[in-house]
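Student: kindly return the folded structure for what I paste below:
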Amino acid sequence: MNNIDIPPVVKNLLIINVIFFVATWVFKQQGIDLAEILGAHYFDSPKFGIWQPITYMFMHADITHIFFNMFGLFMFGGILESRWGAKRFINFYLITGLGALALQWGVQAFELYQVTGSVINHGNLPLDLLAMDRYNPQLFSEANSVKIASIYFGTMVGASGAVFGIMTAFAMLYPNVELYLMFIPVPVKAKYFIPIYIVIELFLGVARIQGDSVAHFAHLGGALIGFILVKLWKDKNTFYDYYE
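Tutor: Okay, here's the model as predicted:
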């Protein structure tokens, strides 16, 4: 990468993510699941660790997952870092990643409240049974038991929330830049492509398509925090021409 003009923060983020991905594969050969340790769990889960809101951003499920996230970081992140500088960019990256997780937790807390009447476990949830895919029909239906188990034992990994924040910022700062996308024969301006992508994520998040394990609300959380940060920074830095 020393021969490629990549700003330092983006370069180091790419390297760190690849290192974490390789380490995950290496440790898995030894029977150690780093995703369970470093991926993000619901804040009331017995598997939650205080380091996970940061480390989850550097974990990825498979080669496709990390490729598209790193491609997005490389394509859009370098431009933003060159504009903002290293300190502001890394702050933006981490804050949008945290915002992504916060919204995902908020949605999970709401779902849990709908089923149990609380966002935390007061000792009434049979978590030991749910972890083994067993349920007590006297307490919850099978569907609700599955939902509770997925909240408490599901793992979220990936830089997607931060990357969605980056893409949102790019669309706000460079709305008329034309993007050439796979399977689309004509260029699409950023101000059209990114919002449409976000709407699709919202639809998929609400639709809850069976078998879809993507944390769509985390993507939306990153996009939302990215939008808010750009608006705040624009108001405080009027010398920037954000809409060139």
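Student: now do the phi/psi pair for the residue nearest to Val214 when sequence neighbours are not counted.
Tutor: Computed as C-beta to C-beta, 6 or more residues apart in numbering, the closest residue to Val214 that is not its neighbour in sequence is Leu204, at 7.1 Å. Where C-beta positions appear, they are placed from N, C-alpha and C, glycine not excepted. For Leu204, the backbone dihedrals (degrees, to the nearest 10) come out as phi -70, psi -30.
Student: can you give me the strands in this protein?
Tutor: In the chain, the strands defined using DSSP state E lie at 178-179, 188-189.
Student: would you reformat the ones you listed as JSON lines and include mean neighbour count?
Tutor: Output for those, formatted as JSON lines (neighbours: other C-beta atoms under 10 Å):
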{"stretch": "strand 178-179", "mean neighbour count": "14"}
{"stretch": "strand 188-189", "mean neighbour count": "14"}
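Student: out of these, which comes closest to Phe92?
Tutor: Closest approach to Phe92 among the strands of the chain is made by strand 178-179 (20.3 Å; C-beta to C-beta).
Student: what packs against that closest one?
Tutor: Counting contacts by 3 or more C-beta pairs under 8 Å, 6 or more residues apart in numbering; DSSP states H and E, strand 178-179 packs against strand 188-189, helix 190-207.
Student: between those, which gets nearest to Val26?
Tutor: Comparing these by C-beta to C-beta, helix 190-207 comes nearest, at 32.2 Å.
Student: contact partners for Leu34?
Tutor: If a contact means C-beta atoms under 8 Å, 6 or more residues apart in numbering, then Leu34 has Phe20, Ala23, Thr24, Phe27, Lys28, Met59 as its contacts.
Student: now Lys189
Tutor: Contact analysis of Lys189 by C-beta under 8 Å, 6+ apart lists Pro175, Asn176, Val177, Glu178, Leu179.
Student: hmm, 10 Å instead?
Tutor: Applying C-beta atoms under 10 Å, 6 or more residues apart in numbering to Lys189 gives the contacts Ala171, Tyr174, Pro175, Asn176, Val177, Glu178, Leu179.
Student: just give me the closest of those residues to Ser150.
Tutor: Ala171 (31.9 Å).
Student: for the residue nearest to the closest one when sequence neighbours are not counted, give me the pLDDT.
Tutor: With sequence-adjacent residues excluded and distances taken as C-beta to C-beta, 6+ apart, Ala171 is closest to Ile194, at 3.7 Å. pLDDT recorded at Ile194 is 83.
Student: burial count for Ile194?
Tutor: When counting by other C-beta atoms under 10 Å, one arrives at 23 neighbours for Ile194.
Student: any idea how far Leu13 is from it?
Tutor: Distance, Ile194 to Leu13, by C-beta to C-beta, to the nearest Å: 20 Å.
Student: one more: Met75?
Tutor: For Met75 relative to Leu13 (C-beta to C-beta), the value is 13 Å.
Student: which of those two has more neighbours?
Tutor: Between Met75 and Leu13, counted using other C-beta under 10 Å, the more crowded position is Leu13 (24 against 15).
Student: correct me, but that one touches Met70?
Tutor: Yes. Look at Leu13 against Met70 with C-beta atoms under 10 Å: they come within range, at 8.4 Å.
Student: now do the contacts for the residue nearest to Ala171.
Tutor: 76, 164, 167-172, 175, 179, 188, 223, 226.
Student: do you know which of the helices and strands packed on strand 178-179 lies nearest Ala86?
Tutor: Across those, Ala86 has its closest neighbour in helix 190-207 (23.0 Å, C-beta to C-beta).
Student: flag every buried residue along that closest one.
Tutor: By 16 or more other C-beta atoms under 10 Å, the buried positions in helix 190-207 come out as Ala190, Lys191, Phe193, Ile194, Tyr197, Ile198, Glu201, Leu204, Gly205.
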